[in-house]
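> need a 3D model of the sequence below.
(3 chains)
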Amino acid sequence: MDAFYASVEWLRYPQLKGLPVVIGGGRRNEARMLQELNARYPERRWTGADMAAVPVDFFPRLASYAGRGVITTASYAARQFGVGSAMGLMKAARLCPQALLLPADFDEYRRCSRAFKAVILEIAPVMQDRGIDEVFIDFTHVPGGQREGGRVLARLLQKSIFEATGLTCSIGVAPNKLLAKMASEFNKPNGISIVREADLQPLIWPLPCRKINGIGPKLDARLQALGIRTIGELAARERLWLMRHFGPTHGAWLHDAAWGRDDRPVTTHSEPVSMSRETTFERDLHAVADRAELGAIFTRLCEQVASDLARKGYEGRTIGIKLRYANFKTATRDTTVESYTQDARRIRQVAGQCLKRVDLTARLRLLGVRVGTLRKAGTPASAPAAAPAETGWLF
DNA sequence: TCTGGGGTCCTAGGACCC
DNA sequence: TCTGGGGTCCTAGGACCC
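Numbering: from 1, shown residues only, chains lettered A, B, ... in the order given. Next up is the predicted model:
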């Protein structure tokens, strides 16, 4: 989906279209926003229905922001100023102080996410969820999926999604997921790009290695240190050489990726591995000096994870915590217990034990709670994890 | 200029088992 | 006195993705 969060906002606030808008820095509370609107523009009774009439001046400027948030989405107009995803808002404010700041409304983004995915499933049922704004689709057995190299189906999907949601997307069609993901970036926004095997050399090889899904900043730096900047330069290295430098698994994968090889199937279902909640504090907290505040936050995180588990119907037996110190170093501790649980008090009790195994003298900026080793709640004999194996007396 | 939140997967060492 | 060769599970950290 193109600039997904920003595009969803434009549906409600078309008056923001074309303006530098940045989304991030907390979550929006629609009720409080209506209150503020009624206070600031009393000549009108504001309801949720007339958001298109909200004056642009109502929205705060980035310049007035003081906090620790990051940008989740920047509108194309804001990107002109060098502002982009994951950038700290304080830095963004210096680059583009006049940008409008919109806290995120995840409920609404999730609603739109479900809507566009439902449209796709109607047309092409082999769809893999890749998060809130992205999917893989297997065109192979969709009627008409091969016409014009997939362009006809891609156009149909774009049109159907736009008619149902008012949102645009960019589609890459290719022989596998690796290339399709890269292709989808070629024609943004609202574009279609088709990459065939023969396009590897002219279209893919000139790109920086970083464009490969799976090569992040660290791997890229290592590659650059070895004089490898483009995918073509990576493809030119011998497979065995890469395996020596990056280990057999990683090295072979790098070589395959550079040659556009990827045989991962489009998977339509997956079970969650873990669920977690975490929060970054407005100011760094100390375990002793801010004990009461931290305790309340800790309890709330446990309750949130528990309610996530219950709502989605899971229970887990690996319970853990995550701390981030003021110096941004992260520590995790977890414990696997005998019986599965989704109970907030039990989670808090076990997570509390984990807290005792970590340094609590330094100031903290983040606290998180995680439950892993999940299974569907209400699985028969909910108590023991597994039957103990019979053991032979000889050993 | 400090850097969100929710995830997955991989690695590596150690415990423990047969 | 010096100690094999599997295997699984657990834990901590880290890279990466949306």
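> backbone torsions only: list them for residue A:287.
When read as degrees, to the nearest 10, the backbone of residue A:287 gives phi -60, psi -30.
> what sits against it?
A:294, A:360, A:361, A:364 (Cβ atoms under 8 Å, 6 or more residues apart in numbering). Yep, even glycine has a C-beta here, placed from its N, CA and C like the rest.
> these in strands, which ones?
Mapping the contacts of residue A:287 onto strands (DSSP state E) picks out residue A:364.
> got a PyMOL select line for the buried ones in the contacts of residue A:287?
Filtering the contacts of residue A:287 down to the buried ones (16 or more other Cβ atoms under 10 Å) takes a single PyMOL command:
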select buried, chain A and resi 294+364
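> and for residue A:144, the neighbour number?
12 (other Cβ atoms under 10 Å).
> and for residue A:328?
Residue A:328 has 8 nearby residues by other Cβ under 10 Å.
> isn't it right up against residue A:365?
Yes. Between residue A:328 and residue A:365 a contact is recorded at 7.3 Å, counting by Cβ atoms under 8 Å.
> I'd say residue A:46 and residue A:38 touch.
Yes. Contact criterion Cβ under 8 Å: residue A:46 and residue A:38 qualify, at 5.2 Å.
> which one's more surrounded, the two?
Set side by side, residue A:46 and residue A:38 show more neighbours around residue A:46, with 19 against 13, by other Cβ under 10 Å.
> sec struct for the residue nearest to residue A:113 when sequence neighbours are not counted, please.
Spatial nearest neighbour of residue A:113, excluding adjacent residues (Cβ to Cβ, 6 or more residues apart in numbering): residue A:132 at 4.8 Å. With DSSP: H, G, I helix; E, B strand; the rest coil as the basis, residue A:132 sits in coil.
> wait, what's in contact with residue A:132?
A:4, A:109, A:110, A:113.
> per-residue pLDDT, it?
What the model reports as pLDDT for residue A:132 is 95.
> go on, residue A:123?
Reading off the model, residue A:123 has pLDDT 97.
> which residues touch it?
A:142, A:153, A:156, A:157, A:160.
> also residue A:207?
Residue A:207 neighbours (Cβ under 8 Å, 6+ apart): A:182, A:230, A:231.
> for it, give its distance to DNA strand B.
Look at residue A:207 and DNA strand B: by Cβ to the nearest atom of the strand, to the nearest Å, they are 22 Å apart.
> what does residue A:234 give?
With distances taken as Cβ to the nearest atom of the strand, residue A:234 is found 18 Å from DNA strand B.
> how about residue A:332, secondary structure?
Secondary structure assignment for residue A:332 (three-state DSSP): strand.
> also residue A:272?
With three-state DSSP as the criterion, residue A:272 reads coil.
> and the closest residue in space to it that isn't next to it in sequence, backbone torsions?
Excluding the flanking residues, the one nearest residue A:272 by Cβ to Cβ, 6+ apart is residue A:374, at 5.7 Å. Phi and psi for residue A:374, reported as degrees, to the nearest 10, are phi -90, psi 160.
> list the contacts for residue A:374?
Residues near residue A:374 by Cβ under 8 Å, 6+ apart: A:271, A:272, A:273, A:274, A:275, A:309, A:314, A:315, A:316.
> on that earlier part again, taking the contacts of residue A:132, tell me the two that lie furthest apart.
Among these, the pair separated by the greatest distance (Cβ to Cβ) is A:4 and A:110, at 11.0 Å.
> which one's more surrounded, those two?
Neighbours were counted for residue A:4 and for residue A:110 using other Cβ under 10 Å; residue A:4 has more, 22 against 12.
> spit out the contact partners of the more buried one.
Applying Cβ under 8 Å, 6+ apart, the residues near residue A:4 are A:73, A:109, A:112, A:113, A:132, A:133, A:167.
> what does chain A put close to DNA strand B?
A:67-70, A:72, A:85-86, A:88-91, A:94, A:131, A:247, A:249-250, A:270, A:272-280, A:304, A:308, A:327-328, A:365-366, A:368, A:389, A:391-392, A:395 (Cβ under 7 Å from any atom of the strand).
> of those residues, which ones also sit close to DNA strand C?
Answer for the residues of chain A next to DNA strand B near DNA strand C (Cβ under 7 Å from any atom of the strand): A:86, A:131.
> need the residues of chain A near DNA strand C, please.
Residues of chain A found near DNA strand C (Cβ under 7 Å from any atom of the strand) are A:86, A:130-134, A:181, A:212-220, A:318, A:320, A:329-336, A:354, A:357, A:373, A:385.
> buried residues in stretch A:294-313?
Result for stretch A:294-313 [16+ other Cβ under 10 Å]: buried residues A:294, A:297, A:298, A:301, A:302, A:303, A:304, A:305, A:306, A:308, A:309.
> nearest to residue A:187, of those?
Among these, and counting by Cβ to Cβ, the member closest to residue A:187 is residue A:308, at 36.9 Å.
> the closest one - that's part of a helix, no?
Yes. Counting by three-state DSSP, residue A:308 is located in a helix.
> and it, what does it touch?
Per Cβ under 8 Å, 6+ apart, neighbours of residue A:308: A:275, A:277.
> per-residue confidence for it?
For residue A:308, pLDDT reads 98.
> distance of it relative to DNA strand C?
Counting by Cβ to the nearest atom of the strand, the gap from residue A:308 to DNA strand C is 16 Å.
> before we move on, back to that, and the residue nearest to residue A:272, bridged to which residues?
residue A:316 (DSSP bridges).
> give me the contacts around stretch A:5-17.
Residues contacting stretch A:5-17 (Cβ under 8 Å, 6+ apart): A:1, A:21, A:23, A:51-52, A:54-56, A:59, A:72-75, A:100, A:102, A:104-105, A:108-109, A:112, A:165-168.
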